[in-house]
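Engineer: One predicted model, sequence on top.
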Amino acid sequence: MKNLSNENVVHVKKNGVEYLQFKKLLEYSNIINHAYSLGLDNNFKVLDGKTGIYKGEKLEKTINSYKKLSEAIGSNYSHIVKPIQMHTKEVKCVKNKTTFSKEHVLFKEFDNTDGLITNMPEEMLSTTNADCILLLFFDPIKKVIANTHSGWRGTVQRISVLTIEKMQKEYGCNPQDIICCICPSIRKCHFEVEKDVKDMFENEFKELTGFIEETIPNKKWHIDTVYINKEILKKAGLKPENIVDSNICSVCNCEQIHSYRVEGVGNGLSTALIEIKG
């Protein structure tokens, strides 16, 4: 497997498990655990498009993937909180202890939810992706974490900013203290859309320029959703130096990272985890 380490992330190989960690967050390794999974053998998918939920061998593989990754970073997979992501703008707070198990892999209280926030130790927040943006947030002053899934629909709905606003409202966080790390996702080089989606972005982000590039006259456009999130997070009060990008495209690295654009229907999912240590 190609080493994906760069100026912002380190590619870790431990006990047969491979994952990325952000150098910025590793500065706080005494306070938090985190990781972004690598490898197509791992699949963090719990929902099935036809049956609604994975069962049997598929569920066993999901549980085992979470278990191996959690153990590699010194955590317990039973502490994982996994929302039922539906490309919404819904961000919720985790305020009660949860238990992730074969019988309880999804939490109904986090249905139709694409962002989680907590200040509770030993609650491992998980989101999954296969091209969409996953954002790991950490406020080292208030000791608050968040994990948000922002696909193109979530980006249009500004879910990253809504996460910051909820961290402020519920936990008294100051945006200038918050760190945001952007996990591997589809990048402008491969995120090609048609006019209807292009128009949505143009209408929503009138204050921004340079995020759309025409590729086929009046038919196809490339959109830079990572750039958009960086800009709206800065406008929300985050310091530029606290917005840390993995600079990794899921499509360009589809041999190591799940990509819906490459795998198509039946694709696997990668995961991002973040936890406050007990």
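Structural biologist: All right, it came through fine.

Engineer: so who does F138 touch?
Structural biologist: Each residue near F138 by C-beta atoms under 8 Å, 6 or more residues apart in numbering is listed here: 25, 28, 32, 144-146, 178-179, 181, 274. Heads up, the C-betas are built off the backbone N, CA and C, glycines and all.

Engineer: Throw these into JSON lines and include distance to L162, secondary structure and neighbour count, thanks.
Structural biologist: Below are those laid out as JSON lines (distance: C-beta to C-beta, whole Å; DSSP: H, G, I helix; E, B strand; the rest coil; neighbours: other C-beta atoms under 10 Å):
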{"residue": "L25", "distance to L162": "22", "secondary structure": "helix", "neighbour count": "22"}
{"residue": "Y28", "distance to L162": "24", "secondary structure": "coil", "neighbour count": "16"}
{"residue": "I32", "distance to L162": "22", "secondary structure": "strand", "neighbour count": "19"}
{"residue": "V144", "distance to L162": "15", "secondary structure": "strand", "neighbour count": "23"}
{"residue": "I145", "distance to L162": "16", "secondary structure": "strand", "neighbour count": "29"}
{"residue": "A146", "distance to L162": "10", "secondary structure": "strand", "neighbour count": "28"}
{"residue": "I178", "distance to L162": "13", "secondary structure": "coil", "neighbour count": "26"}
{"residue": "I179", "distance to L162": "17", "secondary structure": "strand", "neighbour count": "21"}
{"residue": "C181", "distance to L162": "18", "secondary structure": "strand", "neighbour count": "26"}
{"residue": "I274", "distance to L162": "18", "secondary structure": "strand", "neighbour count": "26"}
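
Engineer: Could you dump these into TSV and include distance to S101?
Structural biologist: Formatted as TSV, those follow (distance: C-beta to C-beta, whole Å):
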residue	distance to S101
L25	27
Y28	29
I32	23
V144	26
I145	22
A146	24
I178	32
I179	31
C181	28
I274	20
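
Engineer: May I see those residues arranged in TSV, with pLDDT and distance to P240 as well?
Structural biologist: Below are the contacts of F138 laid out as TSV (pLDDT from 0 to 100; distance: C-beta to C-beta, whole Å):
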residue	pLDDT	distance to P240
L25	98	17
Y28	98	19
I32	98	22
V144	98	21
I145	99	21
A146	99	19
I178	99	12
I179	99	12
C181	99	14
I274	98	21
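
Engineer: quick one: which of these is nearest G172?
Structural biologist: Nearest to G172 among these is V144, at 8.7 Å by C-beta to C-beta.

Engineer: from memory the closest one sits against N174, does it?
Structural biologist: No: using C-beta atoms under 8 Å, V144 makes no contact with N174, being 10.6 Å away.

Engineer: which intervals of the stretch 51-200 of the chain have sub-threshold pLDDT?
Structural biologist: For the stretch 51-200 of the chain, no stretch has pLDDT under 70.

Engineer: and G52, how many neighbours does it have?
Structural biologist: Residues within reach of G52, counting by other C-beta atoms under 10 Å, total 9.

Engineer: now do G39
Structural biologist: By the criterion of other C-beta under 10 Å, G39 has 20 neighbours.

Engineer: Name the nearest residue to it, ignoring sequence neighbours.
Structural biologist: E18 (5.4 Å; C-beta to C-beta, 6 or more residues apart in numbering).

Engineer: give the contact list for that neighbour.
Structural biologist: Here E18 is in contact with 1, 11-12, 37-39, 256 (C-beta under 8 Å, 6+ apart).
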